[in-house]
Every structure is written in structure tokens, then in C-alpha cells.
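# for reference, the sequence and a predicted model appear below.
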Amino acid sequence: MIALAASIAALVALAAVPLFLTDYGLGLMIGMAGYVTLASAWALFSGQTRYISLATVAFYGIGAYTVAVLNETIAYPLVLACAGLVGAGLALVVGLSTLRLSGIYFVIFTFGLAELVRQLITWYEVNVTGTLGRYIFLDITAREIYWQLLALGTFTIGLTAWILRHRLGLALKVIGDDETVAAHAGIDLARTKLIAFTLSATIITLCGAISSPRWTYVEPIIVFNPNVSFLAVIMALLGGANRLWGPAAGAVPLFLLFEWLSVNFPDTYPIILGLMFIAVVFLLPDGVLGGLARLRQRGKAAA
Amino acid sequence: MVGRPCGNAAVRAFASGPRPLGVPMPNTQAKRDPIMTIIILGLVLGGTYALLALGLTIQYGIARIMNLAYGEMTLVAAFVLVFVFRLTGLPPLVSILLVAPAAYGVGWLLYTVMMRPLVARAGTQGKLEVDSILATFGLLFVIQGLLLLVFGSDFTSVSFLEQGVEILGVSVAVNRLVALAICAAAGGGLAIVLARTRWGLVMRAAALTPASAPLVGIDVNRVARQAFALGTALAAVGGTSVAMYQTFSATDGVVFTMKALVIVIMGGVGNVAGALVAGFGLGLIETFVATVIDPGLTLAATFALFLAVLLWRPEGLFGRRA
């Protein structure tokens, strides 16, 4: 009860923040809210099942591109709904063709997916519409984008909390621990994985759609930046991918670090981030929150 | 649409931004017989793919490391070849003899420093798979970052043996034939060694049953290290052959890895002959798509093939059903 009250108070405070910030500060908050959402949505499926999805930016970019295509023809809420549907549709295609098989096929499929979608859109734009690059003219302020992302992030974490306490979450956990055991326990493996993956991918697509007006000009090479996939994974892993607050705990410091690095070391930051990624995999297999929990347990055992 | 003027395809590929892999260069495309052209150019491309897939299938099948940085290792070799060629004028064929052992050493070191601790820590194959995927995904960004830092993001190529020769009425650049010969020698030689020698037997035993291989005195750790290093060397040789006849850029790694992975799945994991056949198959299909339909759709063709295999025979075209 106290935790819930504290969460609501924190949410109200976060929602009020843009009223006191400069444009730069608001930009940082938007980026942070976006990455908290992306990392949490990624972990909703991959953190629990240990099926590593490397396609975050495929869905994120599709969301942004849907907005770019539709923003001048239909109303904004409908644009978002379309983006969500496109993302969910693609997730179903990927999921139905790979999630019935072993995990490695899923990883491989998602590994090349962003590049595939990028090449297909490029091909379509060049050959069919004859232009490359689109403009997004939407009457949406930065504050409104921030509030939408905050709402989506809250929804994602809330949904994760709800799922973790219900049959679906328990089923996902068992699948992550041992798939054979899960099958013997009567869990419908393919269906469970498909539901969670589609939910996760749809949220990621919406996140891309909501963030897209910040760009104004959109081109495949801009919206399908592989760094987004990379960052979502490392953020979730750093905090602890199978914990409710892990991805958020990893996203905030890493986003700030990423901002600082990309300004101060524009040429070398991918290398630094890659090395950090490897370090996280080696040193913090359960994430910071997992490591803290283990320390606390050890402390209790010693006392 | 058969026989669309070759210049058109090349211009369109250029116009659509980053040029997809496997686009035949205009000067090597025949005007007379499009089908023969597709077959010959497809076989050349397929040779490179087969070699790349062979290295990956050895790394995944024997060393049990799913290496997502594989394409980046290929690119490093390609860049080194171009760099050495421009700097010293050392013939590419000599460079390969230096690059391959160097890559073996790098692979050996990478396995010892980076992969071995993961293998030691992982209790199960599933855990190792997840850890190796994540670790090599990080490695991918490190290598890509280094490549971008050192060589920039422009497309690179060398002009080496570009004159054409006539084969069955098709004019083919000599560099492509040299690349094919290198791939055939490296890939074919390795396939024979794996099938016929005692060392090959040890490799195959470790691939088949890693748990019981130690019972007959096989040091699985050593075999895995050798396999990973060998895979890296094959990636490097594949990269040098790519550098001889294609333009490439520092961000092409994902596409190389993806194609090699799809071939490995098609051939059946750990299946050397399967990887070779599937590699040539993908080369042919891709060249067909690039010439007849559109060069911008080659990755789409790879994915379509992957989907077909997943839906039809997920154990690989040549694998036995479980």
C-alpha cells in the first residue's frame, strides 16, 4: 500500500517536472522516459523468458515510420492505433514463425529484422513513391510527448507488475527457467511466448510512434538506428532484466551516460558502450538489482 | 523483366542508398545470356557465402558459441586487406596467407579470454547460448566502432585483377574467379580434412556429443578453442575474398552475419556439406533476385528463404528429423 502511494506520488511529481524545466532539460526527460519504456517493454518478454530479442529498433522505427506516412491523412489517435496494429502484426509474423521452435531461431530472426525492414522501406520509397524521407508536421508540443511517454512507461511497468503476479507471468518465468519443465507442467509454450512478445513489441512500436514528432524529418537510416536495440538491451541487463524495476533502474543512468558520451566522445562512444555491454554480461549477470539482492541475502546469512 | 540493362540495376542500387551485397558489377554482366550470367556470378558469390557459413557452423556446432560478431570479423579482414594493399602494394593473394593465421591467433585469444569464462560459468547449453549471444552482441559494437573510427563509414574497394575473361559465353572478372578459387580451396580442403583425418574425427565427436567426448580422451575445451579459432580464420579468408570483388562498408557486418546464419540453419547446424550446398544455393538465389527483380531486395530474399526453411524444415534441408 505504501509502495503504491509512493509510486503515485512519484508519478505526479514526474508529470509536473516539465513545468519547471528548460527545453534542454525537457529533451533529457523525454529521452529518459522513452528509454525507460523501451527497456521495460523489452524485459517484459526477453527478461522473463531469456529469449533475447535484438529487434527493438525494428519495431521502434516502424512506429515512427507509420506516423510519418499517416500524420497528414488521419487524426493523431488513429495514427497511434495504426502504428500499434502494424507493430502487433509484425510481432505475430515473427512470433508465429519462430517461437514454436528453439530460441536460437528467434534470436537470428530478430537480429536481421531491423536491417530487413530498413532495406524494404528504402526500396519501396525509392521505387514506388519515388522519394526518400518524409516530414512529420504534427501540432504536438514537447511537453505532450513527454506526458504520453510517461503514461506509456507507467502502463508498461504496471502491466509487467500485473503480468508477473498472474498465470501468464508465472508461465513466462517457468519457460525462462526450463522449457521442458514448462511443457510438462501443461503450459502452452508457443501461445504464452507469443502473447508476451506481441505485447512487448506493440509497446515498443507505440514508443517509436509517440517519439517521432521530435524528429520532424524522418528517413529509414535515422529511425532504424541499431544503437536503439543495443541500448534497450544493455539498460535492461544492467538493472536486472527479470525484475520489475530493473530496466528502469538501468535506463536512467545509462541514458545520461550515453548523452554525456555522445557529446564528449562522438567518435569513440560506440566502442565504450560495447565494452560496457561486455562488462555487464560478465560481471553482473543478474543486473545491479539482482546483485544488491544477493548482497542483502549474504548479509542476512552472516548476521 | 529478364535481361534488364545492367547499368540500370547498378544505378538504382546506388540511388537506394547503401548498396546491397551481391550486386553484380556492371562490367561483369553479359549482354547475351542472362541465365548463364546468373549461374556463374551466383556460384562465385555462393562460394564466399559457403566459406563464411562454414566458419560460423564450426564455431556454433563445435565450439558452441553463437557468434553475432562474425560478420564484423569478416569485415576486419576485408579492411586489413585493402589497407595493406593501398599502403604497401602487397598482392592480396599474399595478404591472405598472412591474414588467415593472424585471424586464427585472434580467434584463439578471443576464445581463451572471452568465451572460455562464459563456458565455465554456464551450467547448461541454453545458458551458454544466451551469454554468448549477449557477449558477442557487445563485441559487434566494439569492432564496428573501431572500424568506423579507423576506416570511416565510406564504401571501400580495391581494383585488383578487374579484367574480364570469357566463361561459357559470360564475361567474368578475374578477381571473382580468384575469390571463388580461394573459397573452394579453403572450404573444400577443410571439408575433406574434417571428414577424413583423425583430427576431423575428434572435431566431429566433440560436436556430436560434447558430454561423452571426454570419456574417450578428448579435451573438449581444447577442441572448442581450436574450432573457434578456425572459424575466425575462415571468416577472415571469406572477408578477404569479399574485398577482392565487392565494395563494402564498416556497417555491413550484420548482413554478412545474417546471411551466414541463415545458410547454417538451412544446411543444418554443424553440417559442413550442408553449409557448402546451402551457401551456393543462397548465392544463386540472391544473384537471381538482384539481376531479375531488384538489387535492393537481396536481404529480403535471404529472409524469405529463412522463413521457408523455418516453416518447412526447421532442422535444416539436410538434417535428420528428430
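Nice, I can see it.

# and the helices in the stretch 51-200 of chain B?
Applying DSSP state H, counting those that start in this stretch to the stretch 51-200 of chain B gives helices spanning B:70-88, B:92-110, B:116-121, B:125-151, B:174-196, B:198-208.

# now do the stretch 151-300 of chain A
A:167-177, A:179-184, A:189-211, A:220-223, A:226-239, A:246-264, A:269-283, A:287-302.

# picking up where we left off before, with mean neighbour count, mean pLDDT and distance to B:Val237 as extra columns, can I get the helices of the stretch 51-200 of chain B in JSON lines?
C-beta: built from backbone N, CA, C; applies to glycine. JSON lines is the format used below for those (neighbours: other C-beta atoms under 10 Å in any protein chain shown; pLDDT from 0 to 100; distance: least, C-beta to C-beta, whole Å):
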{"stretch": "helix B:70-88", "mean neighbour count": "23", "mean pLDDT": "90", "distance to B:Val237": "7"}
{"stretch": "helix B:92-110", "mean neighbour count": "18", "mean pLDDT": "91", "distance to B:Val237": "5"}
{"stretch": "helix B:116-121", "mean neighbour count": "15", "mean pLDDT": "87", "distance to B:Val237": "24"}
{"stretch": "helix B:125-151", "mean neighbour count": "21", "mean pLDDT": "89", "distance to B:Val237": "17"}
{"stretch": "helix B:174-196", "mean neighbour count": "18", "mean pLDDT": "85", "distance to B:Val237": "5"}
{"stretch": "helix B:198-208", "mean neighbour count": "17", "mean pLDDT": "86", "distance to B:Val237": "18"}
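
# I'd say B:Val220 and B:Pro214 touch.
Yes: counting by C-beta atoms under 8 Å, B:Val220 touches B:Pro214, with 5.8 Å between them.

# hmm, stretch A:52-65 in reach of chain B?
Yes: part of stretch A:52-65 sits near chain B under the criterion C-beta under 8 Å from any C-beta of the partner chain, namely A:Ile52, A:Leu54.

# with stretch A:117-130 instead?
Yes: with C-beta under 8 Å from any C-beta as the criterion, chain B is reached by stretch A:117-130 at A:Gln119, A:Leu120, A:Thr122, A:Trp123, A:Val126, A:Asn127.

# neighbours of the last one, how many?
Neighbour count of A:Asn127, defined by other C-beta atoms under 10 Å in any protein chain shown: 14.

# do you know how far it is from B:Asp294?
Distance of A:Asn127 to B:Asp294, given as C-beta to C-beta, to the nearest Å: 7 Å.

# repeat for the fifth one
For A:Val126, the distance to B:Asp294 (C-beta to C-beta) stands at 10 Å.

# again with A:Tyr76
In terms of C-beta to C-beta, A:Tyr76 sits 34 Å off from B:Asp294.

# and for A:Leu101?
30 Å.

# looking at these two now, which is surrounded by more residues?
B:Asp294 (21 against 16).

# got the contact list for the nearest residue to B:Phe248 once chain neighbours are set aside?
Leaving out its chain neighbours, the residue that sits closest to B:Phe248 by C-beta to C-beta, 6 or more residues apart in numbering or on different chains is B:Ala78, at 5.7 Å. Shown in contact with B:Ala78 (C-beta atoms under 8 Å, 6 or more residues apart in numbering or on different chains): B:Thr156, B:Gly239, B:Thr240, B:Val242, B:Ala243, B:Phe248.

# need the max-distance pair from those residues.
Greatest spacing in the contacts of B:Ala78, by C-beta to C-beta: B:Thr156 and B:Thr240 (13.0 Å).
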